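Chemist: The sequence isn't on hand, but the structure is:
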């Protein structure tokens, strides 16, 4: 099967890193296709950028010329998943929800450790809208920007692990979700520091997307995710 | 003061109608400036179109060359309000929240009557994210598309009034919100049919925007709505 | 239009101060009529006094001989608003709800800073009953009694600002509501200390009451706020 | 021990009936003292009357000259319990909460059947404020006024039983609370019609009040129910 | 009347202590029958042991040869109450729910102080399933194992009182529930240290069980607690 | 990898059917080992039987002599999952949660269609405890007992499909979960009748268990699921 893994920002090195992370856990026979949006911000850290990313991700998938079996939206706490579900029949997996869902199978509660404090409300709102906030002990910020994570992975591990330890001690989290696409690959070190299971959204999303395809499931089209009605658009898509 | 009232679709006749509705209730000294996005769908009835509208509304306000004191997003249940709050300091009022907030002052519970059933989940999610769903008795659909409302106002009144009556009788709503920008102007007739207060989002939003300006309030910038960080964008805005 | 602004305690200097605060934001053409109950406590800081105030406020409005367009109940977290809504058709605005509602338009979350710790549960319960607790980050007490606020405004500012700063830092509030009628006039100083929008209930209530009147809205009478049934009373009202 | 059972209206025949109901279940050695407020409405069926009753009940207990061990507020869904808890150290039991609490021990869910539809919101709000709404399947109205219940008990049984049957069938209630002080004595017949346990608030309250006294428990005074601060009152109590 | 008080572990000295505690508050004419399960763990401090206790308690009651009027399950936060309600018609009272229900009558909020931290989630889940978590300020652990409580009551009082004091100060609890069957008898000392009402589950459960019997109430059999369907069992009960 | 799939009842034909269903979706290299408890009821349809099953399932896994990588508890709405998580390090997947989690990826809301009405509360409670009830539109009963499903699959499909259609129409479910281990194999027919995705718990659980193993995740041991403390047991396990 073929799974599209769509980055939410336009930094191709991040797309590559996400793609490699996804491929590392994919089953034999699964083809991971990493996509980068053709427009948007070089990193997504707020609502304006996230709404823009939502649209850019949708257009990136629409522009992909080959058939595919599932879509992974590889941005943590970002807008847009429902739009993809309207446009396509194949399963759509958001890494925020993939990580939370997976964490709930191995711990009674989980915390998310993300990049900047300003993205905490986006993640909280997303989890709540998805009905996944009940067992969320906390969403904590490491204080590192998305691109900092890439530039200095060592400091990143330190900052993330520190918040993860606090989440376990103070918020009573029993599992940790790495709340940023760019954190892929840090799991092992955070496990060692916290002693609890650590879930990376990208790899979790790959196994969930594969599962949905293997179960023969597609997005329900009876109401919320019914295909858009045929209608005219003004000046869109951009040429 | 000057209030921008931004339509979410690209149909200028609807923009005009919204603008007139807004102007009808504006205080002396308030200038209503209706804006139409430069790109997007001719009507917004689903997530894909709504995410696109979110971005188009933000760009429309960014392109507006004069100073202004408040922004009204005139789409019911649409995405994007938080992005406007990041980009600008002036108060931003979403008509979904304006209507609900206003209805709560005159009835213990309220229902929303909207256009198509497929937009019900968007409105429900929006009210919940805004912390305004607790007193929401129901969100009901009249079954009419946005553009149908414009084409046949008489049938529209009939369909909307019928659902409003059901909301009062079956869901125990004590007030009704007209859940679509295009419904502006139908309030009086729905009042007569239901016997309960009927709130139109656009006019409610105008009085709220004026109130916030008069109180000297601006959007809080300490966390969720902090200005976007300076960064590069790829191929955006579209030229 | 004429708006009755009813104090909940019998201290006329507080009534005057509330009246001036209300008048300072009223639109041209709005007449603010401050009322003091004819019986009750000199300050309201608990349930017994608050229930008594509820009845006294209702009787004060019933005794007012002229027509009026709206009622503001100027006590923070006090009982009684629903009774006023039963007795009269015009809109009734409680300052607790006015402040919270207004704060929600300028911050994702808000905190209330009130007088004594013992009034915190009243405010929490009131916000919850009004469906406005979802975005409430905290209700904090400055430790000052209502009459202390009047006697030593300088110390009051200090104590209130300190709790407001804690609400922003520790509880992640993005806006502050001044939770006591007697705090009117301290907004500016708390803004400077916290850097977030500060909402005073009395002025917020004035703009909301004006808005409801301008929109032609009256209290819904279909169920909760239906007029009292005609019946006999024993020894009431007191002669 | 001596338990004060305070009627919320001024109709002495109802006070007597409540007193008899209470006495029928009291343990040997328990003295039931029925009290009627000295002012207020002849029946309480709405917020205005209920707020007045809250104050009248408090004054009735304050005027009682002998010592006592517990207080029962015998009005369903009425305001005021927190005020009594401030004024006195002995346990205070509201029949609304007594019935719900008791019902929860014998059924997974319960419904309340009350008098008029207009009192439904009061009961719902009261249960919610007391943290007892989670297992409440519904609050239903028989359509009978409080005094009608007294005048025509046979029709009352019929109307109440009909709603109780609906609560069991349609709302999946597993127990029924009789939601009106005046319904005392109808339990047996509703049991026969529904086949589920039926709880009368007055008798439930007696056993709970006795239990609290036997356990040596008194109202907590550390915060919410701390005694009123010493202060002056204007024109109160009425002479 | 005869009330079975069933210990959840197989340590008979604890059964005796629970029985004495229960008898100390029982009304004249109430016979307390303490029962020890014939299989299970010597102390219950986790899910495996608790599920086993659930079954063992049910079998212990099934094996009791004489008639009885009510059942008390004397384990804090343990599984199994619903099974007892299916098997028998008489009222079943779980001490977790008995304590919380009782505490709610004397304080706006309550906290539970239990033995080991690992049992906190069990108690939290139990309170939530019973619809009693809304007013729960916190569940805190003293760090003492069940059998430690028995061995060193003095250290137990110290550790429990310390957490109770924290619950009142930090979590704003207004009443304390002693969250362990083995804590019976420590109430008085915790009252002295905290100044708030302290509720012991076993004694609270006795008064509630007696109340339900006096009110003539039995477990509802219409749905959740309907008797098990007649069917075959494999190798059960153990011979 | 080896996955234990444990039936909750002692009917081996159901164990076989569950095993076949599980094997049908297992990845190459996954060995499915169906287990039948050595004691318990021939079908589980209530709390008594479910608590007994919880213990029997735990003992069945404890008695399994070979190593294994994950455990699936194949009973819908049954007790016991937390106990398994305490006893073992490998991931434990309950089919109730597996189905709900999976359904949430393909529909905004889901309904469960189960066997008898009496099991509805168990499923509701289980979903709520797992934080998965927020998007649950309803739990509906087909009225068929577990063993009826096996005896007359044709009638079973009819009854289940009918409730599924109602869930979609009346409760606005966008996906259906088959709420009974014995329903394995009916998915396709329910899809045809409802037009929405249908999730079978057993197959969903297999893909989730495989995913957790592939991601290298194990049950968190820091608090809720810490291994049982070493202690003595009386007469257990049964010889």
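Modeler: Okay, I see it. Predicted model only: the values in this text are computed from it and were never measured.
Chemist: show me where pLDDT drops low in chain A?
Modeler: Applying pLDDT under 70 to chain A picks out residues A:181-182, A:184.
Chemist: could you list every residue that touches the residue in chain A positioned nearest to chain C?
Modeler: As assessed by Cβ to the nearest Cβ, chain C sits closest to residue A:121 within chain A, at 5.8 Å. All C-beta atoms are positioned from the backbone trio N, CA, C, and that covers glycine. By Cβ atoms under 8 Å, 6 or more residues apart in numbering or on different chains, the contact set of residue A:121 is B:223, B:224, C:108.
Chemist: Helix, strand or coil: sort out it for me.
Modeler: helix (DSSP: H, G, I helix; E, B strand; the rest coil).
Chemist: Could you do residue A:139 as well?
Modeler: strand.
Chemist: Roughly how far does the residue of chain A closest to chain C sit from residue E:49?
Modeler: 41 Å (Cβ to Cβ, to the nearest Å).
Chemist: Ok, residue A:145 next?
Modeler: Counting by Cβ to Cβ, the gap from residue A:145 to residue E:49 is 48 Å.
Chemist: Between the two, point out the one with more neighbours.
Modeler: residue E:49 (28 against 19; other Cβ atoms under 10 Å in any protein chain shown).
Chemist: Per the annotation, how does chain A divide into domains?
Modeler: For chain A, the structural domains run A:2-94+A:203-214, A:96-200, going by automatic domain parsing.
Chemist: Could you export these as JSON lines, including distance to residue D:203?
Modeler: Output for the domains of chain A, formatted as JSON lines (distance: least, Cβ to Cβ, whole Å):
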{"stretch": "domain A:2-94+A:203-214", "distance to residue D:203": "53"}
{"stretch": "domain A:96-200", "distance to residue D:203": "38"}
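Chemist: Tell me which of these approaches residue F:172 most closely.
Modeler: Comparing those against residue F:172 with Cβ to Cβ, the closest turns out to be domain A:96-200 (14.7 Å).
Chemist: Residue A:209 against residue A:72, yeah?
Modeler: Yes - contact criterion Cβ atoms under 8 Å: residue A:209 and residue A:72 qualify, at 5.8 Å.
Chemist: Which residues are in contact with each of these two?
Modeler: With Cβ under 8 Å, 6+ apart as the test, residue A:209 and residue A:72 both reach A:3, A:93.
Chemist: Excluding covalently adjacent residues, which one is nearest to the closest residue to chain E within chain A?
Modeler: Proximity to chain E, evaluated over chain A using Cβ to the nearest Cβ, is greatest for residue A:108 at 5.8 Å. Nearest non-adjacent residue to residue A:108, counting by Cβ to Cβ, 6 or more residues apart in numbering or on different chains: residue F:224, 4.2 Å away.
Chemist: So that neighbour belongs to a strand, correct?
Modeler: No - using three-state DSSP, the assignment for residue F:224 is coil, not a strand.
Chemist: ok, now how distant is it from chain B?
Modeler: 29 Å (Cβ to the nearest Cβ, to the nearest Å).
Chemist: Over to residue A:50?
Modeler: For residue A:50, the distance to chain B - Cβ to the nearest Cβ - is 8 Å.
Chemist: What sits closest to the residue sitting nearest the centre point of chain A if chain neighbours are left out?
Modeler: Geometric centre of chain A, nearest residue: residue A:95, 2.7 Å, by Cα atoms, centre = their mean. Leaving aside its sequence neighbours, residue A:95 sits nearest to residue A:201 (Cβ to Cβ, 6+ apart; 3.1 Å).
Chemist: In chain A, what residue spans correspond to strands?
Modeler: For chain A, the strands defined by DSSP state E occupy A:2-6, A:31-35, A:40-41, A:70-73, A:92-94, A:110-114, A:136-141, A:176-179, A:198-200, A:233-234.
Chemist: out of those strands, nearest to residue C:169?
Modeler: Between the strands of chain A, strand A:136-141 lies closest to residue C:169; by Cβ to Cβ that is 14.4 Å.
Chemist: so what strands line up beside the closest one?
Modeler: strand A:110-114 (parallel) (DSSP bridges).
Chemist: what's the spacing between the partner strand and its chain's center?
Modeler: 13 Å (Cα atoms, centre = their mean, to the nearest Å).
Chemist: So which bits of chain A are right by chain E?
Modeler: residue A:108 (Cβ under 8 Å from any Cβ of the partner chain).
Chemist: how deep is residue A:66 tucked in, by neighbour count?
Modeler: 8.
Chemist: Over to residue A:90?
Modeler: Neighbour tally, residue A:90, other Cβ under 10 Å: 22.
Chemist: Excluding chain neighbours, give the residue nearest to it in space.
Modeler: That would be residue A:70: by Cβ to Cβ, 6+ apart, it lies 5.2 Å from residue A:90.
Chemist: give me every residue that touches that neighbour.
Modeler: By Cβ under 8 Å, 6+ apart, the neighbours of residue A:70 are A:1, A:3, A:4, A:90, A:91, A:92, A:93, A:209, A:210, A:212, A:213.
Chemist: ok so, going back, what's the most buried one of the strands of chain A?
Modeler: Using mean count of other Cβ atoms under 10 Å in any protein chain shown, the stretch among the strands of chain A with the largest mean neighbour count is strand A:176-179, at a mean of 31.
Chemist: Thank you, goodbye.
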